[in-house]
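Student: Build the 3D model from these lines:
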Amino acid sequence: MVKGIFETHLNVANYLESAKFYEQLPGIEPLHVDHHRKSVFFWVGGKGRGMLGIRENYPSRQIQRQHFAFEVEEN
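Tutor: Just a heads-up that it's a prediction; the model follows:
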């Protein structure tokens with residue numbers, strides 16, 4: 001289960017397709033969808049603990065390789 005991350009925002013090619021991936025992860029809860037800004041936001045590790053934002057930025061050349069890491073429970 002994903003336990004936490006403070007806050008991160010990612011540029012993606014398709015915000016709705018990317019949201020389908022993230023919303024299936026354990027510990028990720030929907031927060032807000034902004035269709036005007038082509039953005040989706042999620043709580044991470046519980047409401048108010050951390051936030052993940054994804055924003056469509058395509059076909060802009062500004063999309064770059066990005067990295068972040070979740071804190072997870074050990075089995």
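
Student: In space, not sequence, find me the middle residue of the chain.
Tutor: The centre of the chain sits closest to L52, judged by C-alpha atoms, centre = their mean, with a distance of 3.8 Å.

Student: residue contacts, that residue?
Tutor: Counting by C-beta atoms under 8 Å, 6 or more residues apart in numbering, L52 touches I5, E7, T8, H9, L10, Y22, I28, F41, F42, V44. Quick note: C-beta positions are derived from backbone N, CA and C, even for glycine.

Student: avg pLDDT for the strand or helix carrying R55?
Tutor: Using DSSP states H and E, R55 sits within strand 51-56. Model confidence over strand 51-56, given as mean pLDDT, is 92.

Student: Neighbouring strands - and their directions - for the following helix or strand past it?
Tutor: Next along the chain after strand 51-56, taking DSSP H and E as the criterion, comes strand 71-72. Sheet pairing of strand 71-72 (DSSP bridges) gives strand 2-4 (antiparallel).

Student: Mean confidence (pLDDT) on the strand it pairs with, please.
Tutor: When pLDDT is averaged over strand 2-4, the result is 64.

Student: Apart from its neighbours in sequence, what residue is nearest the residue nearest to the centre of the chain?
Tutor: Among residues not flanking L52 along the chain, F42 sits closest, at 4.6 Å (C-beta to C-beta, 6 or more residues apart in numbering).
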